[in-house]
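>>> sequence first, predicted model second:
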Amino acid sequence: MAKTDPRTVASLLREYAHRTSLRGDNPYRTKAYLRAADSLAALSKPLDRIIAEGALTRIPGIGDAIADIVRKLYETGTHPSLEKLRQEVPAGVMELFTVPGLRPDKILKLHQALGVNSLADLEAAAKADRIRPLKGLGASLQTKILQNLAIARSGETQLHLHKAAALLEHAVISLKQEHPEFSRVEIAGDFRRGCELVADLALVALGKKRTETEHSTLRLVVTDKTHFGASLLQATGSAAHLERLKTYATERGFALKPDGLYRGRKLIASATEAQIYEALDLQFIEPELREGRDEIERAASQQLPPLVRDEDLHGILHSHTTASDGTETLEAMAEATRKRGFEYYGVADHSQSAHYAGGLSLQEIAEQHREADRLNKKYGGEFRILKGIEADILADGSLDYPDHILKQFDFVVASVHSRFRLPEKEQTERIIAAIANPVTTIIGHMTGRQLLRRPGYDLDVDKVLRACAKYGVAVEINAHPWRLDLDWRWHQKALDYGCIFSINPDAHSIRELDHMHWGVEMARKGGIPRERVLNAMGLAALLAHLSTRKFRPSEPGGKRRSPARKAVA
């Protein structure tokens, strides 16, 4: 009997996970199956060899129980338990799991009550207003379904950055173990370009022979030392960048081919990417910028700025603790931040209107500030906890808490957490009103999007960016891999207007502090230099900046004067 290919095994395991969730099984078990399926989709060597070597349990997320299931799926193309589960609901129901925000209990109810057996059935039911009247479903879910169907149809093969990172890191380790003769292995594709969602999982390895193979969804390019740079360039992409680079080369008498840059029959450059760009009299174009926009023209005129790096950041300015909906105390989060080499930790728990997230009462604010003072005394100036708040932007554009309370904080992150479906004009005016408030320091996750889960709200982003520049409010690059908001495609416009940025992890746990890296990736992709990032300031410079903003007078009509943008120290 022919064995099942790893991509199909991963798909079958994903189906197994979804079908068990419809039964109301332990959600952690479902997540374990899904994680294992993701790992199978990014194998760096053939699945049959892994099974033959008894090495399934070395794959992240696969223990003995899941290994038995995988082995059976591989050998027979099915599993007895899966066949039993298939008798309960039709195969088309599995399509509904691709709709963001649609939980298994809702999927089951849609199937049982309305006979929804596919995405087409779901769309028809929503458009016919058949979901709204049902108890337990309702108008809100119906609206969400209509909004998210497009995401369901476009994002089936895309991974969030952090998930792609885990798969690629394991693939690199496995490949080096399997092929010790590979002296160098580099990640390429969408991930190397810092794309917010990753579809192209690719590795480039330095070996003796030039080959290209694909294991499941992982593309492996093996090349020699002479052609390594050309192979890495091609495997990194994007297709649009490569096409424009090829045209640029042709116009100057060169030919850019998959194995390098030629003039006539002579190979001019191929060993490194830098050599290829240099031979074309171009600045080196960082991978994150290679999207076929204006990067080649700017590189030709030497106008690409040095991009911000992880090591440029001096602190964190948006993070949560157990005082609201975080999992760790203020002291634990601050200490974890300090140990990561930062100078300051800006706590920004939720404000009082965020009842669902344990928003802080006035008494809790006072308690947190006393705790911050105690810890700062202990740190003796070597590290600083900054007292912040993530203040909800209310429906009328005012901020949670009166101004005399907000002025007690070192900084204020103003964010929308409700009324997502306001009309564009109303939503835009709401956010601009918050930006114009003299206490606002940072505008948090501006568009409210959650990748592969929900689109952002209707908003005139251009107007909001102009307001941020006018009032000197920092635009947050929310580094949580589900958000990565503001989208990098708006960064150049914000830079042109004179905006500054704040790269924030929106961390709710110690582990999530490391999300900062994804924010840096987005900033780099948007072409942002260090001097335009608020938390690239050292502590002394930041405190001076915050002090001048804290006591900034309002203009007549409640508007404050716009500060001149200063270079980050």
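Great, that's in hand. Since this is a predicted model, take the numbers as computed values, not measurements. Numbers count the residues shown, from 1 in each chain.
>>> use CA for all of it now, contacts and neighbours both
OK.
>>> quick check: Gly189 touching Cys195?
No - the criterion here is Cα atoms under 8 Å, and Gly189 misses it with Cys195 at 9.1 Å.
>>> helix, strand or coil for the most centrally placed residue in the chain?
For the chain, Pro481 is the residue whose C-alpha lies nearest the centre (Cα atoms, centre = their mean; 2.7 Å). Counting by DSSP: H, G, I helix; E, B strand; the rest coil, the backbone at Pro481 sits in coil.
>>> pretty sure it contacts Leu161?
Yes - under the criterion of Cα under 8 Å, Pro481 makes contact with Leu161 at 6.2 Å.
>>> ok, back up a step: who's in contact with the residue nearest to the centre of the chain?
160-162, 196, 515, 518 (Cα atoms under 8 Å, 6 or more residues apart in numbering).
>>> in TSV: those, plus pLDDT.
TSV is the format used below for the contacts of Pro481 (pLDDT from 0 to 100):
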residue	pLDDT
His160	92
Leu161	94
His162	93
Glu196	95
His515	96
Trp518	98
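>>> now render the residues you listed as TSV, adding neighbour count, secondary structure and distance to Asp38.
Formatted as TSV, these follow (neighbours: other Cα atoms under 10 Å; DSSP: H, G, I helix; E, B strand; the rest coil; distance: Cα to Cα, whole Å):
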residue	neighbour count	secondary structure	distance to Asp38
His160	18	strand	11
Leu161	22	helix	13
His162	19	helix	12
Glu196	25	coil	17
His515	21	helix	20
Trp518	25	helix	20
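>>> Thr211: neighbour count?
12 (other Cα atoms under 10 Å).
>>> mind checking pLDDT for the residue nearest to the centre of the chain?
With respect to pLDDT, Pro481 has a value of 96.
>>> ditto for Leu486
Leu486 is given a pLDDT of 95.
>>> what separation do you get for it and Asn478?
7 Å (Cα to Cα, to the nearest Å).
>>> need the overlap of contacts for these two.
His445.
>>> what about the helices in the stretch 251-400 of the chain?
Per DSSP state H, counting those that start in this stretch, the stretch 251-400 of the chain carries helices over the ranges 273-279, 295-300, 330-339, 362-379.
>>> report the buried residues of the longest one.
Going back to what we said before, that points to helix 362-379. Within helix 362-379, the residues scored as buried using 16 or more other Cα atoms under 10 Å are 365, 368-369, 372-373, 375-376.
>>> and for the second one?
Taking 16+ other Cα under 10 Å as the basis for neighbour counts, the residues of helix 295-300 that come out buried are 295-296, 299-300.
>>> touching it from outside, list them.
244-245, 281-285, 289, 304.
>>> what touches both of Pro481 and Leu161?
196, 518.
>>> just checking, Ile510 touches Ala336?
Yes - at 6.5 Å, Ile510 counts as touching Ala336 under the criterion of Cα under 8 Å.
>>> neighbour count winner among these two?
Counted by other Cα under 10 Å, Ile510 and Ala336 do not tie: Ile510 has more neighbours, with 21 against 17.
>>> next up, the contacts around that one.
Here Ile510 is in contact with 328, 332-333, 336 (Cα under 8 Å, 6+ apart).
>>> low-confidence ranges in this structure?
Scanning the chain for pLDDT under 70 picks out the ranges 1-2, 154-157, 215-216, 550-569.
>>> biggest strand in it by residues?
strand 384-392 (DSSP state E).
>>> strands paired with that one, and their directions?
Counting by DSSP bridges, the strands paired with strand 384-392 are strand 344-350 (parallel), strand 411-415 (parallel).
>>> other residues contacting the longest one?
For strand 344-350, the surrounding residues in contact (Cα under 8 Å, 6+ apart) are 314-321, 323-325, 330, 334, 337-338, 357-360, 383-392, 412-413, 539.
>>> OK, contacts around Cys314?
Check again: residue 314 is His, not Cys. Here His314 is in contact with 341-344, 535-539 (Cα under 8 Å, 6+ apart).
>>> what about 6 Å?
Applying Cα atoms under 6 Å, 6 or more residues apart in numbering, we find His314 in contact with 342-343, 535-536, 538.
>>> closest one of those to Ile268?
Among those, Ala536 lies closest to Ile268 (Cα to Cα), at 39.5 Å.
>>> skipping its backbone neighbours, what lies nearest the closest one in space?
Leu313 (4.3 Å; Cα to Cα, 6 or more residues apart in numbering).
>>> let me know how buried that neighbour is, in neighbour terms.
Leu313: 22 neighbours (other Cα under 10 Å).
>>> any idea how far it lies from Glu178?
Following Cα to Cα, the distance that separates Leu313 from Glu178 is 37 Å.
>>> cool, Leu459 as well?
50 Å.
>>> neighbour-wise, which of those two wins?
Each of Leu459 and Glu178 has its neighbours counted (other Cα under 10 Å); Leu459 has more, 20 against 12.
>>> phi, psi for that one please.
phi -160, psi 140 (degrees, to the nearest 10).
>>> next one: Val198
Per degrees, to the nearest 10, the backbone of Val198 is at phi -120, psi 120.
>>> got a markdown table for the buried residues of helix 295-300, with distance to Glu95 too?
Below are these laid out as a markdown table (distance: Cα to Cα, whole Å):
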| residue | distance to Glu95 |
| --- | --- |
| Glu295 | 39 |
| Ile296 | 41 |
| Ala299 | 45 |
| Ala300 | 47 |
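>>> let me see the contact set for Leu197.
158-161 are the contacts of Leu197 under Cα under 6 Å, 6+ apart.
>>> Glu382 now?
Counted by Cα under 6 Å, 6+ apart, Glu382 has zero contacts.
>>> how near is it to Lys463?
Per Cα to Cα, Glu382 is found 40 Å from Lys463.
>>> tell me, how many residues neighbour the residue lying closest to Arg453 once chain neighbours are set aside?
Spatial nearest neighbour of Arg453, excluding adjacent residues (Cα to Cα, 6+ apart): Pro100 at 4.3 Å. Applying other Cα under 10 Å, we find 21 other residues in the vicinity of Pro100.
>>> now name the helix or strand holding Pro100.
Using DSSP states H and E, Pro100 falls within no helix or strand.
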